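S.K.: For reference, the sequence and a predicted model appear below.
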Amino acid sequence: MFLKRNKTAMPTPETALKGRTEPVPTARVHEITGNPLLGPYPDGFQQVLFGMGCFWGAERKFWQQGAGIWVTAVGYAGGLTPNPTNEEVCTGLTGHNEVVLVVFDPAVIRFEQLVATFFESHDPTQGLRQGNDVGTQYRSGIYCSTPEQLASAFAARDAYGRKIAGHGFGAITTEIMTAPPFYFADAAHQQYLEKVPGGYCGLRGTGVACAS
């Protein structure tokens, strides 16, 4: 029954899956950096969540930034179901987006660089989909942890929107807001493309760079 529902319609509080009170068990450390996945994170570091389609390839884009990245992690945000499983998110009945948590040192890598990677690595004009991946869990989103991040994200969206319009693309549909609660995905999904280098990656950018 769940698989037949319209996955491009957000559930209501009445129809959303109930979830659970306990977090889904996840990995202890990051496969590449070796840093603790769940923290504590160093003082002065910042966090941001990015949604850009299937989170496997999206996470790889950010750990590949190298210096300044403390950890990346995949999980879910923006929906109604507490502590969802991957199977629950895939039904479309949680309202969650597949997102990547990026914990970074702003003294080493600028937030604006991360946002440029975000916009260049997927098509932010597709609404509730990325390519053949269709549903609310694949929407484009930036979920910020500070007012400064919010202002920068909106400015980047507007600038990139003007630029890709000149290349025949429609309006950007990226959801930009203060970060909602983040729920870590299970251990098998963390840094998946490091463990399975030939695994699925559906990321397809527009081919348009953010820089002029």
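M.R.: Nice, thanks for sending it over. Numbering: from 1, shown residues only.
S.K.: show me the contacts for A77.
M.R.: 49, 51, 96-97, 99, 143, 179-183 (Cβ atoms under 8 Å, 6 or more residues apart in numbering). C-beta coordinates here come from the backbone N, C-alpha and C atoms, glycine included.
S.K.: switch to 7 Å and redo it
M.R.: 49, 96-97, 99, 143, 179-183 (Cβ atoms under 7 Å, 6 or more residues apart in numbering).
S.K.: just Y160 next, same as before
M.R.: So, once contact is read as Cβ under 7 Å, 6+ apart, Y160 ends up touching 119, 172, 210.
S.K.: Which one (most neighbours) among the residues you listed?
M.R.: F119 (28 neighbours; other Cβ atoms under 10 Å).
S.K.: how near is L203 to F111?
M.R.: For L203, the distance to F111 (Cβ to Cβ, to the nearest Å) stands at 21 Å.
S.K.: Which one's more surrounded, these two?
M.R.: Summary of the neighbour comparison: L203 and F111, criterion other Cβ under 10 Å, with F111 having more neighbours (20 against 17).
S.K.: re earlier: of the contacts of Y160, which belong to helices?
M.R.: For the contacts of Y160, the ones inside helices are F119, with DSSP state H as the criterion.
S.K.: Considering the contacts of Y160, which is situated nearest to A16?
M.R.: The shortest approach to A16 among the contacts of Y160 belongs to I172, at 27.1 Å (Cβ to Cβ).
S.K.: My read is that the closest one contacts D123, right?
M.R.: No - taking contacts as Cβ atoms under 7 Å, I172 lies outside contact range of D123: 9.5 Å.
S.K.: pLDDT weak spots in this structure?
M.R.: By pLDDT under 70, the weakly predicted segments of the chain are 1-5, 212.
S.K.: if you go through it in chain order, where are the strands?
M.R.: 46-52, 69-77, 97-104, 129-130, 133-134, 140-144, 175-178, 182-184 (DSSP state E).
S.K.: The ones you listed: which one's closest to G166?
M.R.: Shortest separation from G166 across the strands of the chain is recorded for strand 140-144, at 19.6 Å, computed as Cβ to Cβ.
S.K.: Mind listing residues that contact that closest one?
M.R.: Outside strand 140-144, the residues within contact range by Cβ under 7 Å, 6+ apart are 48-52, 77-78, 97, 99, 115, 118, 122, 124, 150, 153, 173-180.
S.K.: Restricted to buried residues, select those in ChimeraX.
M.R.: Applying 16 or more other Cβ atoms under 10 Å to the contacts of strand 140-144 leaves a buried subset, and the ChimeraX line that selects it is:
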select :48,49,50,51,52,77,78,97,99,115,118,122,124,150,153,173,174,176,179,180
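S.K.: what about T26, neighbour count?
M.R.: T26 is surrounded by 18 other residues when neighbours are defined as other Cβ under 10 Å.
S.K.: swap in P23?
M.R.: 13.
S.K.: now do V108
M.R.: If you count neighbours by other Cβ under 10 Å, V108 ends up with 13.
S.K.: Just give the closest residue to it, not the sequence neighbours.
M.R.: With Cβ to Cβ, 6 or more residues apart in numbering as the criterion, V108 has its nearest non-adjacent residue at 3.3 Å, and that residue is G68.
S.K.: got the end-to-end distance for stretch 6-23?
M.R.: From the first residue to the last, stretch 6-23 extends over 27 Å; the measure is Cα to Cα, to the nearest Å.
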